[in-house]
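Enquirer: no FASTA, just this:
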């Protein structure tokens with residue numbers, strides 16, 4: 001896993017150089033790291049799960065580079081890597097030949113893919129938080145792809161502000177849970193659920209709900225449609241917005257029986273589902289229509305995983321890849337329509 005993350009980092013650093021020499025074709029080379037990660041994920045699934053890797057990171061603080069691939073992690077790894085490859089290949093024809101931002105876009109996209117891969121594979125709460133905030137930084141750069149556009153800058157800042165606030169709140173919850181459990185390793189916490197208290201769970205849920213644009217944090221996602229269509233297809237359909245859902249799914253079996261967990265996740269998820277769907281019916285811009293539809297379906301997923309019910313969680317596992325695949329595809333189709341028609345207005 002560490003070698004794959006290093007490969008993503010090297011590709012991200014080399015992206016501007018590749019873009020200068022190869023132009024749009026550089027995206028084919030930049031698709032190699034997520035393609036390698038996809039192959040590794042398939043190999044893990046064939047070999048058998050779960051798989052673990054761990055080595056000391058900061059021994060004095062008790063921090064480890066700990067990764068674990070179980071069925072939920074492999075499902076998310078498959079989406080993050082597979083959709084990442086397809087979106088990068090799509091980007092070859094989406095952008096113009098003389099676009100000045102190709103290197104910046106390619107580097108941020110590959111760096112985001114590596115950060116998201118580390119997030120879903122992390123088996124340590126602090127390590128998960130580090131990758132969590134890296135996805136926030138790279139999403140800011142991708143949403144604000146066009147620095148000359150005021151709308152892009154404002155949308156990027158809005159997403160950064162909301163998700164960073166949620167991330168810092170979540171970190172406080174992680175510390176409370178880790179200290180109560182005597183370990184920050186997620187698999188240990190799942191094996192021996194600690195009595196962390198309702199405050200810790202609300203703090204963690206705040207971070208998850210902010211990342212996945214759940215009410216009252218929903219407004220940043222429709223605003224983020226100022227980003228290029230490939231960014232919307234990857235971050236806002238298959239990857240970044242699924243991070244909060246993934247966290248609720250990961251910790252749901254541990255804390256799903258706690259009343260405050262269900263009392264926060266389920267009602268807010270259902271409210272988001274209804275409000276997002278209603279707002280989508282009033283939109284005439286195709287990307288914003290899909291964005292509000294995504295908000296609605298993210299609310300549905302959070303309600304399923306937050307219920308603490310095994311049957312509902314299994315339904316969520318079925319909907320998670322289905323939504324990522326059909327919504328990413330719809331965003332890419334909108335990009336084609338926009339190029340052909342010159343407008344996204346219905």
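Expert: Cool, got the structure. Remember, predicted model here, so these are calculated numbers, not experimental data. Residues are numbered from 1 along each chain as shown.

Enquirer: Give me the neighbour count for residue 63.
Expert: If you count neighbours by other C-beta atoms under 10 Å, residue 63 ends up with 16. Yep, even glycine has a C-beta here, placed from its N, CA and C like the rest.

Enquirer: That one: what's it in contact with?
Expert: 56-57, 124, 126-127, 184 (C-beta atoms under 8 Å, 6 or more residues apart in numbering).

Enquirer: Who does it form a beta bridge with?
Expert: Beta bridges link residue 63 to residue 58, judged by DSSP bridges.

Enquirer: per-residue confidence for it?
Expert: Residue 63 is assigned a predicted lDDT (pLDDT) of 79.

Enquirer: quick one, helices of the stretch 51-200 of the chain?
Expert: Ranges of helices within the stretch 51-200 of the chain are 71-94, 102-121, 125-143, 150-181, 186-191, 198-211, based on DSSP state H, counting those that start in this stretch.

Enquirer: for the chain, which spans come out with low pLDDT?
Expert: Nowhere does the chain drop to pLDDT under 70.

Enquirer: can you pull the contacts of the one residue sitting closest to the centre of it?
Expert: Per C-alpha atoms, centre = their mean, the C-alpha nearest to the average position across the chain is that of residue 240, at 2.0 Å. By C-beta under 8 Å, 6+ apart, the contact set of residue 240 is 112, 116, 135, 139, 211.

Enquirer: cool, residue 27 as well?
Expert: Taking C-beta under 8 Å, 6+ apart, one finds 88-89, 91-92, 106 in contact with residue 27.

Enquirer: Type out the ChimeraX command that picks the buried ones from these.
Expert: In ChimeraX syntax, the buried subset of the contacts of residue 27 is picked out as below (16 or more other C-beta atoms under 10 Å):
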select :88,91,106
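
Enquirer: Would you point out the most distant pair within the contacts of residue 27?
Expert: 89 and 106 (12.1 Å; C-beta to C-beta).

Enquirer: what's the nearest residue to residue 180 if we skip its chain neighbours?
Expert: Excluding the flanking residues, the one nearest residue 180 by C-beta to C-beta, 6 or more residues apart in numbering is residue 194, at 3.9 Å.

Enquirer: pretty sure the one you found is touching residue 181, no?
Expert: Yes. Between residue 194 and residue 181 a contact is recorded at 3.9 Å, counting by C-beta atoms under 8 Å.

Enquirer: Compare those two and say which one has the larger neighbour count.
Expert: Legend: neighbour count by other C-beta under 10 Å for residue 194 and residue 181, higher for residue 181 (21 against 18).

Enquirer: which ones are touching the more buried one?
Expert: By C-beta under 8 Å, 6+ apart, the contact set of residue 181 is 188-189, 192-194, 196.

Enquirer: all helices of the stretch 201-346 of the chain, in order?
Expert: Going by DSSP H, counting those that start in this stretch, the stretch 201-346 of the chain shows helices at 220-223, 229-233, 240-255, 259-280, 286-306, 310-341.

Enquirer: about what we covered before: switch the contacts of residue 240 over to TSV; also include neighbour count.
Expert: Conversion of those to TSV gives the following (neighbours: other C-beta atoms under 10 Å):
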residue	neighbour count
112	27
116	32
135	24
139	30
211	28
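
Enquirer: Residue 278: which of those residues is nearest?
Expert: Residue 278 lies nearest to residue 211 out of these, by C-beta to C-beta, at 22.6 Å.

Enquirer: Setting the sequence-adjacent residues aside, check what's closest to the closest one.
Expert: For residue 211, ignoring the flanking residues on the chain, the nearest one in space by C-beta to C-beta, 6+ apart is residue 244 at 3.7 Å.

Enquirer: Spit out the contact partners of the residue nearest to residue 180.
Expert: By C-beta under 8 Å, 6+ apart, the contact list for residue 194 reads 177, 180-182.

Enquirer: Show me which residues of the helix or strand harbouring residue 19 are buried.
Expert: For residue 19, the host element (DSSP states H and E) is helix 2-22. Counting neighbours by 16+ other C-beta under 10 Å, one finds that the buried residues in helix 2-22 are 4-5, 7-9, 11-12, 14-15, 18-19.

Enquirer: again, but for stretch 62-70
Expert: In terms of neighbour count (16+ other C-beta under 10 Å), stretch 62-70 has its buried residues at 63-70.

Enquirer: So which of those belong to strands?
Expert: Residues of these located in strands (DSSP state E): 63-69.
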